[in-house]
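Visitor: No letters, just coordinates:
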């Protein structure tokens with residue numbers, strides 16, 4: 001049996017770590033193309049200036065347009081060539097990070113997240129959009145980033161909703177990896193060779209990946225509430241450090257080498273509902289995780305544990321929590337239909353999944369979440 005595990009070359013996390021960014025640039029050369037939204041550059045300008053002076057490097061600002069499109073990637077690749085940049089830095093949120101991945105094409109890449117909202121920073125994949133913001137394609141590269149540098153002080157000063165969203169994304173990691181272990185499904189750690197149509201993905205997950213996915217879930221339960229409290233007051237604590245690691249590193253390695261399953265597929269289906277559009281990826285994935293547990297008929301004790309965790313940190317447990325106050329049968333079936341297209345990860349579940357069974361799981365998760373919140377409210381007040 002062929003197995004695969006992939007990861008960044010180096011992961012570094014700590015307070016004020018951005019002042020060491022120049023050190024990592026120097027491992028590639030003396031200049032770096034900096035792909036970041038102007039607001040993110042403004043937030044860390046003093047640290048960028050300090051590290052540039054300390055290590056004698058130059059940051060070439062890119063006037064990033066905010067969308068990871070083929071046109072933007074081509075423009076930035078040309079800029080990097082014209083300026084003689086030795087490496088690429090993606091600093092900020094998901095769009096800047098994905099654009100940097102596409103520009104670098106797997107070579108000389110440094111990722112510096114300013115929020116811990118998803119597990120994408122460590123991965124070797126990116127999502128491409130049209131210039132108007134519509135989905136275009138997935139891209140996969142020959143290797144993961146060379147360096148993932150996390151400044152926990154910067155993340156602590158971002159709105160805590162981002163951190164909670166990251167916990168929602170991380171919440172699915174263990175349950176989806178578990179499904180892949182049971183089904184012997186292929187994981188996203190095979191032999192990448194370009195955009196989606198050329199991707200070779202014929203490898204099973206490793207024991208190491210599942211162990212990291214399991215640790216991810218344990219860390220969320222242990223430190224999630226404490227980390228949110230710390231982030232609410234913009235303080236770096238041990239709990240916040242642990243959750244940042246869980247959101248970015250443990251979940252990143254866990255999903256990529258452990259596999260996705262129903263939770264992310266249901267997230268993808270939910271995106272057709274306009275009400276969900278103002279909610280973050282991880283918030284929708286959290287509800288997708290509950291739907292996956294209903295789909296696989298998980299023990300009620302486990303489902304309650306997940307519900308309690310979600311409510312304790314402020315993650316959604318019902319469709320209303322992600323902007324869908326009501327849903328018609330036709331809408332529900334359309335969501336399930338999108339979640340069940342042949343290439344979706346829902347088919348990594350260890351049993352056949354139909355559109356009807358997916359729809360039933362979504363509806364059941366919604367009804368349970370609504371009822372559980374009411375039950376907890378009654379329990380608290382009386």
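Guide: Done, it's in. Everything numeric here is computed off the predicted structure, so don't read it as measured data.
Visitor: I'd like the average pLDDT over stretch 38-52.
Guide: When pLDDT is averaged over stretch 38-52, the result is 96.
Visitor: Actually, stretch 227-243.
Guide: 98.
Visitor: got the buried residues for that stretch?
Guide: Counting neighbours by 16 or more other CB atoms under 10 Å, one finds that the buried residues in stretch 227-243 are 227, 228, 230, 231, 236, 237, 239, 240, 241, 242, 243. (C-beta placed from N, C-alpha, C; glycine too.)
Visitor: got the residue ranges for the strands in this structure?
Guide: Assigned strands in the chain, in chain order: 10-14, 31-35, 58-61, 87-92, 109-113, 125-129, 135-140, 147-151, 194-195 (criterion: DSSP state E).
Visitor: quick one: least confident helix or strand in this structure?
Guide: Ranking every helix and strand in the chain by mean pLDDT, DSSP states H and E puts strand 194-195 at the bottom, with a mean of 46.
Visitor: give me the low-pLDDT residue ranges for the protein?
Guide: Within the chain, the set of residues satisfying pLDDT under 70 comprises 190-201, 376-382.
Visitor: Try it again at 90.
Guide: Low-confidence segments of the chain, defined by pLDDT under 90: 1-2, 65-66, 127, 129-138, 188-202, 373-382.
Visitor: residues contacting the closest residue to residue 36 other than its chain neighbours?
Guide: Once flanking residues are discounted, residue 36 sits nearest to residue 91: 4.0 Å by CB to CB, 6 or more residues apart in numbering. Contact partners of residue 91, counting by CB atoms under 8 Å, 6 or more residues apart in numbering, are 34, 35, 36, 40, 41, 44, 112, 113, 114.
Visitor: Tell me what residue 91 is bridged to.
Guide: residue 112 (DSSP bridges).
Visitor: and the gap between it and residue 66?
Guide: 13 Å (CB to CB, to the nearest Å).
Visitor: okay, now residue 118: neighbour count?
Guide: Summarising burial for residue 118: neighbours were counted as other CB atoms under 10 Å, giving 26.
Visitor: isn't it right up against residue 165?
Guide: Yes - the criterion here is CB atoms under 8 Å, and residue 118 meets it with residue 165 at 7.4 Å.
Visitor: got any residues that touch both of these two?
Guide: Any residue near both residue 118 and residue 165 by CB under 8 Å, 6+ apart counts here, and that gives 281, 282.
Visitor: what's the closest of the contacts of residue 91 to residue 273?
Guide: Checking the contacts of residue 91 against residue 273 with CB to CB, the nearest one is residue 113 at 27.8 Å.
Visitor: what sits against that closest one?
Guide: When contacts are counted by CB under 8 Å, 6+ apart, residue 113 is found next to 91, 92, 93, 97, 121, 148, 150, 155, 248.
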